[in-house]
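Asker: Predicted model and sequence below, questions to follow.
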Amino acid sequence: MPRALWADEKSPHVAWLFPAGGQRGHSVEVAVGGTELAGATAVRVTGRGVEGKVVATPNDKAKTLTLSLTIAADAELGQRDLCVQTPAGASNWFHFFVGQLPEVIAGAATGGLGKPQALPSLPVLINGQLNGKERQPADRHFFRFQAKADQTLVFACQARDILPYIADAVPGFLQAVVTVYDTAGRELDYADGFRQQQDSLLIFKVPKSGDYVLEVRDSLYRGREDLVYRLSVGALPLITDVYPLGGKRGTTVPVELRGVNLAQTTLNVTVPQDGPPVMWLATTAQGLASNRVQFEAGDLDETAEVEPNDTPQTATRVSVGSIVNGRIGKPGDVDYFIFKAAAQQNLVIEVRARRLGSPLDSVIALLDSKGQVLAQNDDTEGDDEPPLTHQADSRLEFKVPADGDYIVRLRDAQRKGGPEYAYRLSIAPNRPTFHLRVSSDLPQRLAAGETVAATVAAIRQGGYDGQIRLALKDVPAGFVMRGGAISQKQGWEDGNETRLTITAPTDAALGILTPRIVGTAQIDGKEVVRQAVPTVTVKQAFTFNHLVPMAEYLLNIVAKEPGFVLATDVPADRALEVAPGGELKIPLKAVRGTGAGAAIALVLDQAPWGFSAKSGQIEAGKSECILSLTVDKSARPGRLQSVVFSGTMDTGKEKWVRYAPAVLVKVVMPTSK
């Protein structure tokens, strides 16, 4: 892959996989659609037990990339992430699933309702692609299967699980509709989702033995190559919900399972003392593993609601510093809890339900002992880790005005309810802490000696406003990170994020690195360490942007020689000082490679609030420029800010964008004249 010059080639992008998974213990050939995939050399799959190779790359005849993936017999079931390596670098991540059932491929045209594709004996998993090459019946897949009377069949579709967001379609995902007919064409049952989930789940009680017909289609009868699904069919063990939704670390919790085709209805769950914040529960029946459901590991003491508690007078008594497990047990149900608090306590009252799979859309209110509402909340702002793709769980931060009893009222926003409407309500001191996210174009491609830029954002909770120091981990010697601090928060305009850069050494080896960015802070005399979660912004349905967590943060060294490199003489460990309203001169240099003699336009990249710089230029054939950085008069002294400049060279054939290493700037008190 070495080249004389590293040009800004378009990034390889995976738009769809088909099939989007395979059965463990087998090999599967996967077609990959997308752009800039020609010349692909390798495939990378997260987790253990899946190995792959490139079989064929796109060319004038073949529009798709072909991979061969071998799945070990003991490979863990469920989602993996896959990316493709090309001469221009690594592609985006894409979901790939390891399954347990025999798999079949839906035919290009399944013959319609009158001539459906015959399925082998159940259970089976169907891989389909509603590619729209023929309007009828290619956008509607039909399958014939045999079933026995009184069987409870599960039709579990994965579509949005495979591709959660489509940028140029409305709705911005495959809304798969699953329908069961008798052989006379009469509709018996259907599903176009399940509770709050868009992926369809149909539980069908077979009325009599015989043949039936299954249909899969998009809700709007659309056809696109990226409308790919995996549909599991059979008398499969299925957990629909559990109670409670979590337990305290270091304890064993009896958990109630609800669903169909289950061999057990309870499960004793041991919550590890040092395990992850969310565990995954599953069971087996007749040699088949069930689906997995979430179960939270908590650090607080736990208790359960006691019915009746549907009035303030019958509220369940709980303690500050505990988690209450409960249910909105029926439509219209309201749960009340009472606790004693001391004046000036800072409390956080939070519901964890929807993020753990419960359909509950919570609304909470805090009342005083006389029943007067002091505060209330419907949805959070999504400040959580990992990033939420919904905000249906409620959260209140509250400073107690006086000693006494206080009451929490909890209900569903639409007054729905049932045994599946479980929740975890925590009432605890609002302890200061933080979480981190790193956002960038993933993977980040660069040449040896070159610099890339990323943004690290701090999600502050519990009133923590202090500085967060950042460090780069798990990289070879010679890689340098600059901009390694998020400043103390002094106002809404600063202290929430920093722009940092990573520079590769000139002798960096070609290939992929998986660094970690770690933040450290001193909070209440203790060192708190958090790893930044890598995220990327994904567009849905032309308009909506989602911050999506990724499997790994990738640095991809794609060439030995860069087109040009930007550098600065400002030391990495030195902060340039400037007073509010002042100006700094920032020297920038260009080291040019072969064919990179054109002018370089310089700008302040993603200018922080209160900072500005006039654009500048390193003239053709020249190597230096000094830019003026101005700080607003309203900037607060003590602010530590990382600033990053970028340069663009237009060669006439292509544009190259490069970053200069970050420069630290500290706002100081003006000196008296």
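Answerer: That came through, no problem.
Asker: Could you chop this protein up by domain?
Answerer: Using automatic domain parsing, the domain ranges for the chain come out as 13-99, 103-234, 238-298, 301-430, 431-562, 563-673.
Asker: need the ones you listed in CSV with mean pLDDT, can you?
Answerer: Listed next are the domains of the chain as CSV, based on pLDDT from 0 to 100:
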stretch, mean pLDDT
domain 13-99, 94
domain 103-234, 91
domain 238-298, 96
domain 301-430, 91
domain 431-562, 90
domain 563-673, 92
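Asker: Any chance of JSON lines for those domains, columns mean neighbour count?
Answerer: Every residue, glycine included, has its C-beta placed from N, CA and C. Output for the domains of the chain, formatted as JSON lines (neighbours: other Cβ atoms under 10 Å):
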{"stretch": "domain 13-99", "mean neighbour count": "18"}
{"stretch": "domain 103-234", "mean neighbour count": "18"}
{"stretch": "domain 238-298", "mean neighbour count": "16"}
{"stretch": "domain 301-430", "mean neighbour count": "18"}
{"stretch": "domain 431-562", "mean neighbour count": "18"}
{"stretch": "domain 563-673", "mean neighbour count": "17"}
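Asker: Now that Gln606 has come up, it's in contact with Arg499, right?
Answerer: Yes: using Cβ atoms under 8 Å, Gln606 makes contact with Arg499 at a distance of 5.9 Å.
Asker: Need the residues touching each of these two.
Answerer: 455, 644 (Cβ atoms under 8 Å, 6 or more residues apart in numbering).
Asker: what's Gly463 in contact with, if anything?
Answerer: Gly463 makes contacts with 346, 430, 432, as judged by Cβ under 8 Å, 6+ apart.
Asker: measure Gly462 to Gly78 for me?
Answerer: As judged by Cβ to Cβ, to the nearest Å, Gly462 and Gly78 stand 34 Å apart.
Asker: Same question for Ala297.
Answerer: Shown here: Ala297 relative to Gly78, a distance of 19 Å by Cβ to Cβ.
Asker: repeat for Gly329
Answerer: As judged by Cβ to Cβ, Gly329 and Gly78 stand 31 Å apart.
Asker: and if you look at Gln444?
Answerer: 27 Å.
Asker: and the closest residue to Thr514 other than its chain neighbours, what is it in contact with?
Answerer: Among residues not flanking Thr514 along the chain, Glu552 sits closest, at 4.7 Å (Cβ to Cβ, 6 or more residues apart in numbering). Glu552 is in contact with 46, 81, 514, 534, counting by Cβ under 8 Å, 6+ apart.
Asker: Make JSON lines from those residues and add secondary structure to it.
Answerer: Below are the contacts of Glu552 laid out as JSON lines (DSSP: H, G, I helix; E, B strand; the rest coil):
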{"residue": "Thr46", "secondary structure": "coil"}
{"residue": "Asp81", "secondary structure": "strand"}
{"residue": "Thr514", "secondary structure": "coil"}
{"residue": "Pro534", "secondary structure": "strand"}
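Asker: Which of those sits closest to Ala392?
Answerer: Each of the contacts of Glu552 was checked against Ala392 using Cβ to Cβ; the closest is Pro534, at 24.6 Å.
Asker: thought the closest one was touching Tyr553?
Answerer: Yes: Pro534 is in contact with Tyr553 according to Cβ under 8 Å; the separation is 3.8 Å.
Asker: who touches both of these two?
Answerer: Contact criterion Cβ under 8 Å, 6+ apart; residues shared by Pro534 and Tyr553: 438, 440, 442.
Asker: and the residues you listed as JSON lines, adding secondary structure and distance to Gly234?
Answerer: Compiled in JSON lines, the shared contacts of Pro534 and Tyr553 are given as follows (DSSP: H, G, I helix; E, B strand; the rest coil; distance: Cβ to Cβ, whole Å):
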{"residue": "Val438", "secondary structure": "strand", "distance to Gly234": "42"}
{"residue": "Ser440", "secondary structure": "coil", "distance to Gly234": "42"}
{"residue": "Leu442", "secondary structure": "coil", "distance to Gly234": "37"}
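Asker: now the strands for the stretch 1-150 of the chain?
Answerer: Remark: strands assigned in the stretch 1-150 of the chain by DSSP state E, counting those that start in this stretch are 13-18, 21-23, 27-35, 42-45, 50-56, 65-71, 78-86, 89-90, 94-99, 103-105, 117-118, 124-129, 140-147.
Asker: Compare those strands and report which one is nearest to Ala375.
Answerer: Taking Cβ to Cβ, strand 78-86 is the member of the strands of the stretch 1-150 of the chain nearest to Ala375, at 38.3 Å.
Asker: for Arg48, phi and psi?
Answerer: Taking degrees, to the nearest 10, you get phi -110, psi 140 for the backbone angles of Arg48.
Asker: One more: Asp274?
Answerer: Main-chain torsions, Asp274, degrees, to the nearest 10: phi -120, psi 30.
Asker: what sits against the nearest residue to it once chain neighbours are set aside?
Answerer: Using Cβ to Cβ, 6+ apart and skipping residues adjacent in sequence, the residue nearest Asp274 is Arg249, 7.8 Å away. Taking Cβ under 8 Å, 6+ apart, we find Arg249 in contact with 271-275, 297-299.
Asker: do Lys614 as well
Answerer: Lys614 touches 627-628, counting by Cβ under 8 Å, 6+ apart.
Asker: what about it, distance to Lys622?
Answerer: 18 Å.
Asker: swap in Thr520?
Answerer: Thr520 is 41 Å from Lys622, by Cβ to Cβ.
Asker: swap in Gly49?
Answerer: Gly49 sits 54 Å away from Lys622, going by Cβ to Cβ.
Asker: Leu410 now?
Answerer: Computed as Cβ to Cβ, the Leu410 to Lys622 distance reads 66 Å.
Asker: got it, and Ala508?
Answerer: To Lys622, Ala508 is 27 Å away according to Cβ to Cβ.
Asker: Tell me which residue is most central in the protein.
Answerer: The chain has Pro549 as the residue nearest its centroid, 2.8 Å off, counting by Cα atoms, centre = their mean.
Asker: Skip the chain neighbours and tell me the closest residue to Thr651.
Answerer: Spatially, and ignoring its direct neighbours in sequence, Thr651 is nearest to Ala598 (5.6 Å; Cβ to Cβ, 6+ apart).
Asker: right, and the one you found touches Thr648 too?
Answerer: No: contact criterion Cβ under 8 Å: Ala598 and Thr648 do not qualify, at 10.0 Å.
Asker: Great, nothing more from me.
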